[in-house]
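**Student:** Requesting a structural model of the entry that follows:
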Amino acid sequence: MKRSLVSIGVICAALLTSCTTIKAHLMARAATNGLYSIASYEAQVTERGLLRREPGVPVVKTVIYERPWKVRAEVVAPAEHAGELFVFDGETMSIWWPQSRIGLRIRGLEIPGRREVAGVMLESFTWVLGHYDLDDEGPGHRAGRDVEHWRCDPIAEAPLIKPYDAWLDVENLMPLQVSIKNAQGGEWYGMEFDSIDLGAVIPPGAFRFEFPEDAMVFDCDLGSPGVTIAEAQELVTFPILQPAELPEGHSVHKVILGGDLEAAPIVALLMPKGARWLSLSEMLNRGPANLPAVGIPVPIGDGEGVLNFAFGFTILSWPVENTSLTLIGNLPYPEMIAIAASVPPVSSGPAK
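**Tutor:** Sure thing, here's the model as predicted:
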C-alpha cells in the first residue's frame with residue numbers, strides 16, 4: 001500500500017509543479033521503478049479497433065511476461081485470427097501469421113540497461129507533457145486491481161494528436177486500460193486487461209518458438225555484417241527507400257540483408273538512438289499479403305498503412321509502389337506516422 005501511495009503521489013506532485021522538465025523527470029522515475037517492480041505476469045487482454053473490416057469486433061490475446069522483457073502474446077479470438085503470435089525471448093523477436101504461413105524473425109536484439117530505459121521514459125513523458133494536459137479523474141478498478149484514471153487532452157489541435165484516457169495500476173503504474181478517441185469522440189483504439197496475475201510462475205520454455213517447416217520466414221540477424229545501401233540495392237529488385245525526416249539524433253547506423261536473397265530478400269535500416277529503437281524493414285511488395293490483417297488503418301502520406309501496438313513499440317506497415325515497408329520503434333505513434341509519411345515514392349528519386 002505504501003508503494004501504491006508513493007507511485008500515484010509522485011505523478012500528482014509532478015503535475016502540480018510549473019516546470020515541465022521536473023514533471024517529466026518525476027513521472028519517468030516513478031514509471032521506471034514501477035516497470036522494474038514487475039517480475040512476471042499472466043494476463044488476458046482485449047483490444048478494439050484492430051479489425052479493418054469489423055472495427056467493433058474485439059481481438060482477445062493471452063499474454064505472459066517475465067522480467068527482463070520476455071513476452072509472449074497469442075491471439076485467441078476471433079477464430080479467423082487465432083494463433084497469431086508475438087514472442088520475444090530476450091534476444092529474438094518472432095511474429096507469426098498462421099493463416100498466411102508467413103513469419104518474421106529478428107535476431108540479435110539487445111536488452112537495454114535500466115539507465116537507458118529511464119532515458120526513454122523521460123523522453124516519452126517529455127513528449128506527452130508537451131502535447132497533452134493531464135487531469136486526474138479519480139480511482140477505479142480494472143482486472144481486480146486498483147487504478148487511477150487519467151484524462152489526457154491535446155494542448156493544441158493536430159490530426160495525429162488524439163485525446164485519450166488511461167487507467168494506471170496504482171502500485172506499478174502499468175496501464176491496465178487505454179482508450180484513444182477519434183475526431184467524433186468515439187473510440188479509435190482500445191486496450192483493456194480482462195485479467196492479470198502478477199507474480200505468476202512462468203513455465204520453462206514458455207518463450208521458445210519455432211516456425212513450422214512450411215512457413216515463409218523473413219529472417220533478419222542484427223548482428224550480421226552491415227552493407228551499404230548501394231550494395232544492398234544491387235542484390236534486390238525493389239527500390240530501397242529512406243525517410244526524408246528523422247527525429248533529432250536518429251540516422252541510419254547500419255544496413256542489414258536478411259531473408260532468402262534468391263526468393264524473398266529483406267533489407268533492414270537500423271536507426272536507433274541509445275535505447276530509442278527505430279528500424280525500417282523493406283521487401284518486395286507482394287500486394288495485400290504483405291499487410292497484417294490485424295491493425296488500425298492509418299493515413300500515411302497519400303496512402304494508407306496498418307498500425308499496431310506491441311508492448312511499448314509501435315509497428316507500422318505500408319506499401320510504397322514496389323516496396324513493402326515495416327517501421328518499428330518505441331517513439332510516440334504520431335512521430336512514427338510522421339516518419340513513415342516522409343518516405344518518398346520512387347518517382348521522387350532513389351535513396352542515396
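**Student:** Please enumerate residues in contact with whichever helix or strand residue 71 is part of?
**Tutor:** For residue 71, the element it lies in under DSSP states H and E is strand 70-77. Residues outside strand 70-77 that contact it (CB atoms under 8 Å, 6 or more residues apart in numbering) are 45, 58-65, 81-90, 202, 206-207, 209, 294, 310-311. Backbone N, C-alpha and C define where each C-beta goes, glycine included.
**Student:** Then stretch 209-219?
**Tutor:** For stretch 209-219, the external contacting residues (CB under 8 Å, 6+ apart) are 72, 85, 87, 89, 94, 96, 101-105, 107, 258-259, 264, 266, 281, 283.
**Student:** now those: which count as buried?
**Tutor:** Applying 16 or more other CB atoms under 10 Å to those, the neighbour count classes 72, 85, 87, 89, 94, 96, 102-105, 258-259, 264, 266, 281, 283 as buried.
**Student:** Just name the closest of these to residue 113, please.
**Tutor:** Taking CB to CB as the measure, residue 89 is the one of the buried ones among the contacts of stretch 209-219 closest to residue 113, at 18.6 Å.
**Student:** Would you confirm that that closest one contacts residue 207?
**Tutor:** Yes. Counting by CB atoms under 8 Å, residue 207 is a contact partner of residue 89 at 4.1 Å.
**Student:** pLDDT-wise, which helix or strand of this structure ranks last?
**Tutor:** For the chain, using mean pLDDT, DSSP states H and E, the weakest element among its helices and strands is helix 2-16, scoring a mean of 54.
**Student:** For the spatially most central residue of the chain, give me phi and psi.
**Tutor:** By CA atoms, centre = their mean, the mean C-alpha position of the chain lies nearest to residue 313, the distance being 2.0 Å. Main-chain torsions, residue 313, degrees, to the nearest 10: phi -110, psi 150.
**Student:** List the contacts of the closest residue to it other than its chain neighbours.
**Tutor:** Closest residue in space to residue 313, ignoring its immediate chain neighbours: residue 330 at 5.2 Å, by CB to CB, 6 or more residues apart in numbering. By CB under 8 Å, 6+ apart, the contact set of residue 330 is 120, 275-277, 312-314.
**Student:** Any chance of a markdown table for these, columns pLDDT?
**Tutor:** As requested, the contacts of residue 330 are exported to a markdown table (pLDDT from 0 to 100):
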| residue | pLDDT |
| --- | --- |
| 120 | 90 |
| 275 | 85 |
| 276 | 88 |
| 277 | 89 |
| 312 | 80 |
| 313 | 87 |
| 314 | 92 |
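**Student:** farthest-separated two in the residues you listed?
**Tutor:** 275 and 314 (14.9 Å).
**Student:** shaky segments in the stretch 101-250 of the chain?
**Tutor:** Judged against pLDDT under 70, the stretch 101-250 of the chain has no low-scoring part.
**Student:** Now, of the contacts of strand 70-77, which are buried?
**Tutor:** Neighbour counting over the contacts of strand 70-77 (16+ other CB under 10 Å) leaves 45, 58-61, 63-65, 81, 84-89, 202, 206-207, 209, 294 as the buried ones.
**Student:** In strands, which of the buried ones among the contacts of stretch 209-219 appear?
**Tutor:** 72, 85, 87, 94, 96, 102-105, 258-259, 264, 266, 281, 283 (DSSP state E).
**Student:** For residue 125, what are phi and psi?
**Tutor:** Torsion angles at residue 125 (phi, psi; degrees, to the nearest 10) stand at phi -70, psi -30.
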